[in-house]
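Asker: Okay, here's the prediction I keep looking at, along with the sequence it came from:
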Amino acid sequence: MIIILLVAGVSFALHQYKRIPPRAASPVYALAKEKATSLKRYASRNGYDTSHCFLVDYSLPSGTPRFFIWDFATSRIEYSDYCMHGPGKGSTASTPVFSNEIGSNCSSLGRFAIRKNRYGKTLGVNRSRLMIGLDNTNSNAQRRGIMIHDARFLDAQLFLPCRYIPLNEASCSGCVTVTTEGFKKAKEIIANSSKEILLWAYCEGEER
């Protein structure tokens, strides 16, 4: 039992360490910066928040941080977190399939606006915020009830050494699903902004 607890503790500590953002010289960081720069222009033109944006790089393994909080003032990633993807249309833990269809249980790509004071009925105000899709690839987000929210299932997976987080429809059926800690940080930014925050979900090779 002591050995099991020790291994779990080391694994959890490693996942906490891995929340460090990708290196600034890496292709992952360069793509995030490209998306953030584009989002800032869009935000300025359309009246959205220009202090922060959120990014999700679905081309990265789910067992590594792929949800980023970007600070426009410093032009850098200030926080990284884990993010699940939906299980629909033949998605696997390693390979997400994206869809905008209602009932698909898939994650969607594209730009979203996060509703400041709208949240899911089940998860409530402390654990979720609804989103609307701004592109053709996610135009049904509002009718699908797509949110950014936390999942305790994901928190539990951080105790296990895994490259890919298992699919779990009860925890993620196409929403942007992050850890409890990740959503707490996102919620704070959403609450402190007078305008809606933008989020861009992308996957290199799928949608640029």
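Answerer: Structure received. Residues are numbered from 1 along each chain as shown.
Asker: For the rest of this, base every contact and every neighbour count on C-alpha atoms.
Answerer: Noted.
Asker: Tell me where the chain is predicted with low confidence.
Answerer: Where the chain drops to pLDDT under 70, the residues are 1-18, 206-208.
Asker: Determine the longest helix present in it.
Answerer: For the chain, the helix with the greatest residue count under DSSP state H is helix 27-46.
Asker: for that one, packing partners?
Answerer: Helices and strands touching helix 27-46, by 3 or more C-alpha pairs under 8 Å, 6 or more residues apart in numbering; DSSP states H and E, are strand 52-57, strand 197-202.
Asker: Reformat those as TSV; add distance to Thr64.
Answerer: Formatted as TSV, the helices and strands packed on helix 27-46 follow (distance: least, C-alpha to C-alpha, whole Å):
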stretch	distance to Thr64
strand 52-57	10
strand 197-202	16
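Asker: and Leu55, what does it touch?
Answerer: Each residue near Leu55 by C-alpha atoms under 8 Å, 6 or more residues apart in numbering is listed here: 32, 35-36, 66-70, 199-202.
Asker: Pick out whichever of these sits closest to Val125.
Answerer: Leu199 (18.6 Å; C-alpha to C-alpha).
Asker: isn't that closest one right up against Phe112?
Answerer: Yes: counting by C-alpha atoms under 8 Å, Leu199 does reach Phe112; the two are 5.1 Å apart.
Asker: Show the contacting residues for the closest residue to Thr180 other than its chain neighbours.
Answerer: Nearest non-adjacent residue to Thr180, counting by C-alpha to C-alpha, 6 or more residues apart in numbering: Asp150, 5.0 Å away. Asp150 sits next to 127-128, 177-180, 182-183 when contact means C-alpha under 8 Å, 6+ apart.
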